[in-house]
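[1] turn this into a model:
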Amino acid sequence: MADSLDKRRLRAGIVGGGRGAFIGSVHRIAAELDGQAIVVAGAMSSDPKNAAASAAAWFLDRSYDSCEVMASAEKARADGIDFVIIATPNHLHCAVARAFLAAGIHVVCDKPLAFTVKEAEDLVRLVERSGRLFALTHNYTGYPAVREARERVRNGELGTIRKVQVEYLQDWLMQPLERTGNKQAEWRTDPARAGLSGCVGDIGTHAESLLEFVSGLRIESLCAELTSFVDGRRLDDDASMLLRLENGAKGTLLCSQVACGEENDLRIRVYGTKGGIEWHQQQPNTLIFKPEGKPWQMLRTGQGYLSAAARSATRTPAGHPEGYLEAFATLYREFITDIRRAARGESPAGSYPDVHDGLRGVRFIEKAVESARRGAQWVDLPA
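    Sure, this is the predicted structure:
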């Protein structure tokens, strides 16, 4: 098995992500970008006609009408898939993951991990029993500049962290798109498919993931105000939070999908006793380093002065943008490398978020909603 995996591209399958779904194509491009895997099978829609048409558009070898049939069939094939990509609405993540883990197939899942904390806890136990690898696509952790920021915090260049500010602002839900037939808006604002939260579940979890990934600090408690600004919208489209971090540091987290004029403005600032760092997703090649008492430094990706962690996530020479798709692909490359390691009996070594990070994200959503429902009271976030 180890020899066969080392000598060929891995075979991937996808559940969800059919026609009309932006994220499916993102996953396919990212999985295939480095030439280490190819998507060969899919159950791309709950509508059999759309599933077949979506698979045909991608020239997939095999199309299935359900994830259960797909998992069983692929397990039985000599040329079955090595891992599956879950790109469905939130309420389906857990059932799909269960089906493929039971079939002994590694899993890559879009965030959030599950619909409820109980589902997420069950998935953690299932992954641990299965011995399969599980990645969660908080893709912003794959940017070279983000990896550099994390290394500088780890190396003590910022000193003791005192303050972390993270925000993710969009404007695409300023109007009630869910009432116009927009499928992406429909399910993201539907409690039956999105879960307890809209904005926090969709993009607030990315901000939470980025904060903990870069700072190395866990959120211990939070105070949240969630708002639905669009009349009649059943889930939040805006959130403001105060955070207490595990070393006594303080933080703020803002996320909004009604911030007029903003596209995908994800940014993070980390301040310590010796310096600060700042990164903006819309200028992904630049990391600003602010050492105490010295001029700011504009660190650029592709340069030899960056850490090995940043260089290993860089594909292009300096000056060529490293963007969203490449960051996504970095997680896939590390995950695929770990599948090959596992086949050789070696331990995983990738830096991608895993099922435990996914559980943390679902707990974060639940606690943000709980705080808001209590009138923005402080609540503890379990470790």
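
[2] drop to CA atoms for contacts and neighbour counts, all remaining ones
    Will do.

[3] all strands for the stretch 201-350 of the chain, in order.
    Assigned by DSSP state E, counting those that start in this stretch, the strands in the stretch 201-350 of the chain fall at 219-227, 238-245, 250-256, 265-272, 275-280, 286-291, 297-300.

[4] turn these into CSV, columns for mean pLDDT and distance to residue 170.
    What follows is those, written out as CSV (pLDDT from 0 to 100; distance: least, Cα to Cα, whole Å):
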stretch, mean pLDDT, distance to residue 170
strand 219-227, 98, 15
strand 238-245, 98, 10
strand 250-256, 98, 6
strand 265-272, 98, 7
strand 275-280, 98, 14
strand 286-291, 98, 21
strand 297-300, 98, 25
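
[5] and those as CSV, adding mean neighbour count and distance to residue 202?
    Converted to CSV, these look like this (neighbours: other Cα atoms under 10 Å; distance: least, Cα to Cα, whole Å):
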stretch, mean neighbour count, distance to residue 202
strand 219-227, 22, 13
strand 238-245, 21, 11
strand 250-256, 22, 10
strand 265-272, 21, 13
strand 275-280, 22, 19
strand 286-291, 20, 25
strand 297-300, 15, 29
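
[6] among these, which is nearest residue 347?
    For the strands of the stretch 201-350 of the chain, proximity to residue 347 was assessed by Cα to Cα; strand 219-227 is nearest, at 27.9 Å.

[7] distance to residue 357 for the strands of the stretch 201-350 of the chain - can I get that in JSON lines?
    Listed next are those as JSON lines, based on distance: least, Cα to Cα, whole Å:
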{"stretch": "strand 219-227", "distance to residue 357": "12"}
{"stretch": "strand 238-245", "distance to residue 357": "16"}
{"stretch": "strand 250-256", "distance to residue 357": "18"}
{"stretch": "strand 265-272", "distance to residue 357": "19"}
{"stretch": "strand 275-280", "distance to residue 357": "22"}
{"stretch": "strand 286-291", "distance to residue 357": "25"}
{"stretch": "strand 297-300", "distance to residue 357": "28"}
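
[8] quick one: the spatially most central residue of the chain from residue 183, how far?
    Nearest to the mean C-alpha position of the chain, by Cα atoms, centre = their mean, lies residue 138 at 1.7 Å. Distance, residue 138 to residue 183, by Cα to Cα, to the nearest Å: 22 Å.

[9] return the residues in contact with the residue nearest to the centre of the chain.
    110, 111, 206, 209, 352, 353 (Cα atoms under 8 Å, 6 or more residues apart in numbering).

[10] run through this protein and note the low-pLDDT ranges.
    Where the chain drops to pLDDT under 70, the residues are 1-3.

[11] again, only using 90
    Scanning the chain for pLDDT under 90 picks out 1-4, 6, 19-22, 46, 321-322, 383.

[12] what about the helices in it?
    Assigned by DSSP state H, the chain shows helices spanning 2-6, 22-32, 48-57, 67-76, 93-102, 117-130, 144-154, 183-188, 191-194, 199, 205-215, 308-312, 324-343, 355-373.

[13] redo these as JSON lines? Include mean neighbour count.
    As requested, the helices of the chain are exported to JSON lines (neighbours: other Cα atoms under 10 Å):
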{"stretch": "helix 2-6", "mean neighbour count": "14"}
{"stretch": "helix 22-32", "mean neighbour count": "19"}
{"stretch": "helix 48-57", "mean neighbour count": "18"}
{"stretch": "helix 67-76", "mean neighbour count": "18"}
{"stretch": "helix 93-102", "mean neighbour count": "21"}
{"stretch": "helix 117-130", "mean neighbour count": "17"}
{"stretch": "helix 144-154", "mean neighbour count": "24"}
{"stretch": "helix 183-188", "mean neighbour count": "17"}
{"stretch": "helix 191-194", "mean neighbour count": "16"}
{"stretch": "helix 199", "mean neighbour count": "28"}
{"stretch": "helix 205-215", "mean neighbour count": "22"}
{"stretch": "helix 308-312", "mean neighbour count": "17"}
{"stretch": "helix 324-343", "mean neighbour count": "22"}
{"stretch": "helix 355-373", "mean neighbour count": "22"}
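
[14] who wins for proximity to residue 265 among those?
    Per Cα to Cα, nearest to residue 265 of these: helix 205-215, 10.8 Å.

[15] report the contact partners of residue 24.
    16, 17, 18, 87.

[16] pipe these into TSV and attach neighbour count per row.
    Output for those, formatted as TSV (neighbours: other Cα under 10 Å):
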residue	neighbour count
16	25
17	25
18	27
87	26
